[in-house]
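Colleague: Pasting the sequence and the predicted model now:
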Amino acid sequence: QQPVQSPQAVILREGEDAVINCSSSKALYSVHWYRQKHGEAPVFLMILLKGGEQKGHDKISASFNEKKQQSSLYLTASQLSYSGTYFCGTATGTASKLTFGTGTRLQVTL
Amino acid sequence: GAVVSQHPSWVICKSGTSVKIECRSLDFQATTMFWYRQFPKQSLMLMATSNEGSKATYEQGVEKDKFLINHASLTLSTLTVTSAHPEDSSFYICSAPDRANEKLFFGSGTQLSVL
């Protein structure tokens, strides 16, 4: 079953923050986050392995609560370049076989 | 980082014809590659797992006789859409995992339009 993301869509003004959630019905080994722009392939943002860790670089970070089978992606001080559709990808084991979430369309405006 | 090359970027074909899409890992060996399909404004749906030297593993509901996968070498996997129909029109993307078998590298995708 596909992980559910919320919200489905969000519009931000440049500089505002956003949180995107990903919820799975299965026990997870890892959660991956990708951003995809229209007509392009997804671009890797980060991976979180089970252990309840939080990772981040620059103004994008994420957390993973394996007990709740949930992950959240945090975007702070958003930039125009952050616009796109964000997908979480979940794996129940290694070998990178990912099941992608329903997606969250994010638009950053001036 | 690792690069996955996918060709063609887009293809238009007539109904009933077959289309081959290539996916190459340029600077690393990939014993496994994944093929996804994405319809407009939807998520990526895994179609099949391509395994070098053995048969591909197809996800439930994906017709293996229609979507032929060949993984003849450690750097090349191909997806052939046979007897394509308009409902096969979609964005097809391949991916390969890194050496740690965790992170996925994606090809640039192929937009298939069947008339």
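Modeller: Yes, it's here. Residues are numbered from 1 along each chain as shown, chains lettered A, B, ... in the order given.
Colleague: Work out for me the element the residue nearest the centre of chain B sits within.
Modeller: In chain B, the centroid-proximal residue (C-alpha atoms, centre = their mean) is B:Trp35; its distance is 3.7 Å. Applying DSSP states H and E as the criterion places B:Trp35 in strand B:32-38.
Colleague: how about the CA coordinates for that strand, as PDB?
Modeller: Provided in PDB are the C-alpha atoms of strand B:32-38 (Å, rounded to 0.1, in the frame of the first residue of the first chain):
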ATOM      1  CA  THR B  32      19.700  -4.400 -10.000                       C
ATOM      2  CA  MET B  33      17.700  -1.700 -11.700                       C
ATOM      3  CA  PHE B  34      14.100  -0.600 -11.100                       C
ATOM      4  CA  TRP B  35      11.500   0.500 -13.700                       C
ATOM      5  CA  TYR B  36       8.800   3.000 -12.600                       C
ATOM      6  CA  ARG B  37       5.900   4.400 -14.500                       C
ATOM      7  CA  GLN B  38       4.300   7.800 -13.700                       C
END
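Colleague: following that strand, which helix or strand shows up next?
Modeller: Downstream of strand B:32-38 (by DSSP H and E), the next one is strand B:44-51.
Colleague: Show me what secondary structure element comes after that next one.
Modeller: strand B:57-58.
Colleague: Report the rounded mean pLDDT for that following strand.
Modeller: Mean pLDDT, strand B:57-58: 94.
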